[in-house]
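> Return a 3D structure for these sequence lines:
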Amino acid sequence: MSQDEVFGGLLENLKIDIKQAQKISYHYRKITRALNLAIRGQKSSIANRLKVGSIGRHTGIKGISDLDMLYIMPDCHYSKYNSLQNGQSKLLTDVKDILSKEYPAQVVKVDRLVVQVVFKHFHVEVQPVFKLDDGSFKYPESYYGGSWKITKPSQEIKAMTIFSRDKSKNLRKLCKMVRAWKNFHGVNMGGLLIDTLAHKFLTSTSEYDNTGNYKLGYLIRDFFEFLSNEERRTRYHALGSGQHVNVKSPWFGRYATKALELCNDAIEAEGMASMNDKWRLIFGRSFPKRSTPILESRSGMQSMALDHKTWNDTEEFIEDRYPVDIREHVELDCKVTQDGFRTFNLSEMLPSRYRLSPKKSLNFEINLSKISIEQPYNIYWKVLNVGEEARKRNQIRGQIVSDDGFGTKKESTSFSGDHIVECYIVKNNVVVGRAQIAVPIS
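Prediction:
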């Protein structure tokens, strides 16, 4: 397959599927109609609302779970809420009460700035706002006694539209590819940050202004080079609005450096049978397969043709169970112990390419103190054995199993090969965090 075909296939696979799009549209309309009826006595399901976030900028991909909308309040209501003590909290509570009646079977709650309506596989965040003369919006902040803040999503949407029309149609494509990468590798980057960085990069070059899908491999490679050279910051200025975009996790430069290496390997393999396999190490299963059956793994090793006569491919994939929309940085490490030897962390020895010997005990652990999302959430584990020895023993494993509730998993080194351990944080039936560690055994 040509570069144009495989990257066209990637973008096609990243599209929000029709069923999900229909569900999203249905609930946007239902929420809007309920608020219009209660607040204005109108039956419109589209008036007085604005789709914002990735949906509004048209940069969301399959699996998107965090859906944002503004509901524009009548101007005459501002003085009422502004005159109350913490009227901001009162406004959010009033919106919550309206939506609770509309969705009696769903969880509907106030979350500081918004009202969340939680559905299976996604949630809608409704922010009641008052529109200002310059096109920006005043929204309620319920913490610290209440205050009004300013948001400018219309300027961000406009900047995305104008740039895509007048300079480069590759902006939204780049935003979507970066989302696929961050979801596959567990990189905690918000959607507006991704779109802002993609806009910043394409503003700095004219090389990709008029190129098609056949150049997307080079585009994503150069973007990762740009990203790996970014100095650590706590925030950026958003495209269009110039408002602050917070950096949730400062580690994206480290992930980008690894992604740059993988891109160079994939580009060098152009025209070879292994090309698709190498791109799949960056984008995951969204990237089209090569035509022959392969063992899909996260190991970075060459994919092998399946031979079901000698071993069974038992690997499972979290994407087949839940949508993936990473919003959490997960720290995963492993304590290695053996009688008569000192205990050490696996992360300490991986940079030196040291390989473990058999008969060691492994205790994998997530740093739960760094998980910011509220409980309840579920943790799952996957242990994948890769290599000739695993196939000889018919012990590929790779099944996804539940955690015991403490964020730990015990294993042992039993035979040589490259072994991959991955963990997943699942909240409201969405994978919001994931991490992986390699276990090389000699």
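> So what's the residue count around residue 22?
11 (other Cβ atoms under 10 Å). For the C-beta atoms, the positions are set from N, CA and C on the backbone; glycine is no exception.
> Please pull up the helix or strand immediately following the one helix or strand it maps to.
For residue 22, the host element (DSSP states H and E) is helix 18-40. Following helix 18-40 in sequence order, the next helix or strand is strand 49-52 (DSSP H and E).
> Quick check: what element follows that following strand along the chain?
helix 53-57.
> lowest-pLDDT helix or strand in the chain?
helix 346-349 (a mean of 76; mean pLDDT, DSSP states H and E).
> Which positions in the helix holding residue 22 come out as buried?
20, 23-24, 27-28, 30-36, 38-39 (16 or more other Cβ atoms under 10 Å).
> got JSON lines for the residues you listed, with pLDDT too?
Output for these, formatted as JSON lines (pLDDT from 0 to 100):
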{"residue": "20", "pLDDT": "91"}
{"residue": "23", "pLDDT": "94"}
{"residue": "24", "pLDDT": "94"}
{"residue": "27", "pLDDT": "97"}
{"residue": "28", "pLDDT": "97"}
{"residue": "30", "pLDDT": "98"}
{"residue": "31", "pLDDT": "98"}
{"residue": "32", "pLDDT": "98"}
{"residue": "33", "pLDDT": "98"}
{"residue": "34", "pLDDT": "98"}
{"residue": "35", "pLDDT": "98"}
{"residue": "36", "pLDDT": "98"}
{"residue": "38", "pLDDT": "98"}
{"residue": "39", "pLDDT": "98"}
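> Surely residue 265 and residue 277 touch.
No: between residue 265 and residue 277 there is no contact under Cβ atoms under 8 Å: 10.1 Å.
> How about stretch 222-241, which residues are buried there?
Buried residues in stretch 222-241 (16+ other Cβ under 10 Å): 222-228, 236, 238-241.
> Just the residues you listed: which are in helices?
222-228 (DSSP state H).
> and which of these is nearest to residue 111?
residue 227 (29.9 Å; Cβ to Cβ).
> Spell out the secondary structure type for the spatially closest residue to the closest one that is not a sequence neighbour.
Ranked by Cβ to Cβ, 6 or more residues apart in numbering and with sequence neighbours excluded, the top spatial neighbour of residue 227 is residue 256, at 3.8 Å. Following DSSP: H, G, I helix; E, B strand; the rest coil, residue 256 is assigned to helix.
> packing partners for the helix or strand just after the least confident helix or strand of the chain?
Next along the chain after helix 346-349, taking DSSP H and E as the criterion, comes strand 361-366. Identification of packing neighbours for strand 361-366 by 3 or more Cβ pairs under 8 Å, 6 or more residues apart in numbering; DSSP states H and E yields strand 332-337, strand 408-412, strand 417-427, strand 430-441.
> if we take the buried residues of helix 18-40, which one ends up nearest to residue 337?
Nearest to residue 337 among those, with distances taken as Cβ to Cβ, is residue 20, at 45.1 Å.
> Contacts only, for that closest one.
Applying Cβ atoms under 8 Å, 6 or more residues apart in numbering to residue 20 gives the contacts 62, 64, 121-122.
> low-scoring stretches of the stretch 201-350 of the chain, by residue?
Low-confidence segments of the stretch 201-350 of the chain (pLDDT under 70): 291-309, 339-341, 350.
> residue ranges for the helices of it, please.
With helices called from DSSP state H, counting those that start in this stretch, the stretch 201-350 of the chain shows them at 216-228, 252-268, 275-283, 346-349.
> The third one versus helix 252-268: what angle between them?
So that's helix 275-283. 170 degrees (axes from the mean of the first three to the mean of the last three Cα atoms, to 10 degrees).
> Residue 129 reaches residue 73, doesn't it?
Yes: using Cβ under 8 Å, residue 129 is in contact with residue 73, at 6.6 Å.
> List the contacts of residue 204.
Going by Cβ under 8 Å, 6+ apart, residue 204 touches residue 226.
> From residue 230, how far off is it?
Here residue 204 is placed at a distance of 12 Å from residue 230 (Cβ to Cβ, to the nearest Å).
> same check, this time on residue 76
With Cβ to Cβ as the criterion, residue 76 and residue 230 are 46 Å apart.
> same deal with residue 139?
Residue 139 is 29 Å from residue 230, by Cβ to Cβ.
> how about the strands of the stretch 101-250 of the chain, start to end?
107-111, 114-119, 122-131, 137-141, 147-151, 235-237, 244-246 (DSSP state E, counting those that start in this stretch).
> mind giving me CSV with these and columns for distance to residue 399?
As requested, the strands of the stretch 101-250 of the chain are exported to CSV (distance: least, Cβ to Cβ, whole Å):
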stretch, distance to residue 399
strand 107-111, 30
strand 114-119, 28
strand 122-131, 26
strand 137-141, 45
strand 147-151, 44
strand 235-237, 40
strand 244-246, 37
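> So which of those strands is nearest residue 170?
strand 235-237 (20.1 Å).
> what's the helix or strand harbouring residue 71 packed up against?
Of the helices and strands defined by DSSP H and E, residue 71 is found in strand 66-72. Where contact means 3+ Cβ pairs under 8 Å, 6+ apart, strand 66-72 is packed against helix 18-40, strand 49-52, helix 53-57, strand 122-131, strand 137-141.
> Now do that strand and strand 122-131, the angle between them.
Using the same axes, to 10 degrees: strand 66-72 against strand 122-131 is 30 degrees.
> Strand 66-72 pairs with which strands?
strand 49-52 (antiparallel), strand 122-131 (parallel) (DSSP bridges).
> just to revisit the earlier point, wait, the residue nearest to residue 227 touches residue 222, no?
No: the pair residue 256 / residue 222 is not scored as a contact, 11.3 Å apart, by Cβ under 8 Å.
> that older thread, tell me which of residue 265 and residue 277 has more neighbours.
Higher neighbour count among residue 265 and residue 277: residue 277, with 23 against 16, using other Cβ under 10 Å.
> so that one touches residue 288, yeah?
No: contact criterion Cβ under 8 Å: residue 277 and residue 288 do not qualify, at 10.8 Å.
> ok, and for stretch 65-75, which residues are buried?
65-71, 73.
> coming back round to it: just the helices of the stretch 201-350 of the chain: most buried one?
Ranked by mean neighbour count under mean count of other Cβ atoms under 10 Å, the helices of the stretch 201-350 of the chain are led by helix 275-283, which reaches a mean of 23.
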